[in-house]
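Participant: Give me the fold of what follows.
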Amino acid sequence: GASSLAAVLSCKIDTADKKTVCLLSGGNIDVSFIHRVIELGLVSRHRRIKFATRLPDSPGSLMRLLHIIADTGANIMTINHDRLCPTLSPSEILVHIACEVGGEEHSASLLKRLADEGYDAVFLMGVGGTWDELMQLEYLMNKFGDRDLEVYLIHAAEWNVMGHKRMTEKSVVLTASESGTTPEVLEAVKKMKEKGIRVYAMTKPEGPIGQAVGAENCVAMASDHGSGGCEKGYYLADCFGLRLLNRRGCFPKFDLFIEQTKDVWKDMLDIRKRFEPRAEELARKYALADYTMFIGSGALWGETILFSMCILEEMQWKRTRYITSADFFHGTLELVEPGVPVFLFMGEDENRKLDERVRAFLNRGVTGDTDINVIDTAEFAIPGLDDEFRVIVSPWILSSLITDRLAAYYETVTKHNLKYRRYYHQFDY
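Facilitator: Predicted coordinates:
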């Protein structure tokens, strides 16, 4: 096989000034050795890759990893489990995987995707208004995410006493605090950091929560419940969550969404101006009502709670009842009667069908209640925004309409300053 080349190299054959070809037949080479040569050649050309990664030793963790690899188009050749590596914790396994890929670019894409999947679950943590605000992001991440994505909305006070079985050191937490001092959030963040959990916060970097999280993991909160809407807070949270989805390959039009919403704040101002006369009319008619009902669903449900509880109950001391369109027909409909103001907030997602059912019932006239008010985000256009993104911005629109403008007119009618409290932040409790 190689004797012709050996003869030339040892100068046994005169090849001076001649075109010489050595035939390497490999006729007596070991077949397994040929396989090794081919494999190494494929590795050097990035057609084969091998890597190892740690996984939780729990049902479903390997399946999630295999889905990620399959989604990139790579072909798995071998898988080996190692539970005896001395650096592993008792709840982990080390998995060695060899894959067949299409070349260097495909290889780099697969490894980047795996690196981006460096978390086992996403937790959205808030208290009160921030919990309400994060509700729309939980909805969006579940709507646009893949079937293996785990997203949990948790209340900081409940987590402090209950914990969460799915939270590990590989989890990612996004939290928010307008004041930067929310006690329940601060307590939870400190415990999470002690466990090595990654926490990111929308809060003041210089505040206690910001210091606990670390300034590099903070972005200043962009909302003020007492002097405007929450749409900028929604925007920041959505950028975080939708970017995570984009890195998973679940929200491919992230960059287009960012491009189309870069000037949306002018549109939000125009929407406010358009709603201004109606906001004043509604406030003059209902701000002094003894009791008001608010109905919402889907992406708007969190904003529905926020306006009812944080604005009217906390900041105006008004009695309210907030209910989902899905649950309205399972008890609350019996409370609709003449003289009870009812507000229905209609969104632009799958739950709109439920909203329409509620609207049809309220408009039938069987209750005798004429104080029915429908606020539909679909009636407020945003030029240049694709229809598929409307569901994302619908809470921004509603927040501009009610948490900003309607709340401002309620304050004018009730003569009750939105920043005044009887108990909240007045003493320790």
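
Participant: Quick check: which element contains Pro277?
Facilitator: For Pro277, the host element (DSSP states H and E) is helix 264-286.

Participant: distance of the nearest residue in space to Gly296 that is not next to it in sequence from Asp376?
Facilitator: Of all residues not flanking Gly296 in the chain, Thr304 sits nearest, at 3.1 Å (Cβ to Cβ, 6 or more residues apart in numbering). From N, CA and C alone the C-beta is placed, and that goes for glycine too. Noted for Thr304: a distance of 13 Å to Asp376, by Cβ to Cβ, to the nearest Å.

Participant: Mind checking what secondary structure the residue nearest to Gly296 has?
Facilitator: Thr304 falls in the helix class when you classify it by DSSP: H, G, I helix; E, B strand; the rest coil.

Participant: what are the bridge partners for the residue nearest to Val342 when sequence neighbours are not counted, then?
Facilitator: Once flanking residues are discounted, Val342 sits nearest to Met293: 4.6 Å by Cβ to Cβ, 6+ apart. Per DSSP bridges, the residues bridged to Met293 are Arg321, Val342.

Participant: circling back: Phe294 is in contact with the residue nearest to Gly296, correct?
Facilitator: Yes. Counting by Cβ atoms under 8 Å, Thr304 does reach Phe294; the two are 5.4 Å apart.

Participant: Which of those two has more residues huddled nearby?
Facilitator: Between Thr304 and Phe294, counted using other Cβ atoms under 10 Å, Thr304 has the larger neighbour count: 27 against 22.

Participant: Would you check how far apart that one and Asn351 are?
Facilitator: If you measure Thr304 against Asn351 using Cβ to Cβ, the figure is 11 Å.

Participant: How far away from the center of its chain is the helix or strand hosting Tyr234?
Facilitator: Using DSSP H and E, Tyr234 sits within helix 231-248. Its chain's C-alpha centre and that of helix 231-248 lie 6 Å apart, by Cα atoms, centre = their mean, to the nearest Å.

Participant: Kindly report the same for stretch 189-196.
Facilitator: With Cα atoms, centre = their mean, you get 21 Å for stretch 189-196.

Participant: Mind listing what's buried along it?
Facilitator: Buried residues in stretch 189-196, counting neighbours by 16 or more other Cβ atoms under 10 Å, are found at 189, 192.

Participant: Stretch 418-429 now?
Facilitator: Result for stretch 418-429 [16+ other Cβ under 10 Å]: buried residues Leu418.

Participant: Mind pulling the model confidence for Ala283?
Facilitator: Ala283 carries a pLDDT value of 98.

Participant: tell me the contacts of it?
Facilitator: Counting by Cβ atoms under 8 Å, 6 or more residues apart in numbering, Ala283 touches 406, 409-410, 412-413.

Participant: let's go with 6 Å and repeat that
Facilitator: 409-410, 413 (Cβ atoms under 6 Å, 6 or more residues apart in numbering).

Participant: Same question for Ala176.
Facilitator: Taking Cβ under 6 Å, 6+ apart, we find Ala176 in contact with 126, 130, 202.

Participant: Next one: the residue most central in space within the chain relative to Cys218, how far apart?
Facilitator: The residue lying closest to the centre of the chain (Cα atoms, centre = their mean) is Gly241, at 2.9 Å. From Gly241 across to Cys218, the span is 17 Å (Cβ to Cβ).

Participant: Ok, Glu388 next?
Facilitator: In this view, Glu388 and Cys218 are 31 Å apart by Cβ to Cβ.

Participant: circling back: can you give the distance of the helix holding Pro277 from its chain's centre?
Facilitator: Its chain's C-alpha centre and that of helix 264-286 lie 29 Å apart, by Cα atoms, centre = their mean.

Participant: Number the residues from 378 up from this point.
Facilitator: Got it, the first residue is 378 from now on, which makes the last one we talked about helix 641-663.

Participant: Gly573 touches Glu546, doesn't it?
Facilitator: Yes. Contact status for Gly573 versus Glu546: in contact at 4.2 Å, counting by Cβ atoms under 6 Å.
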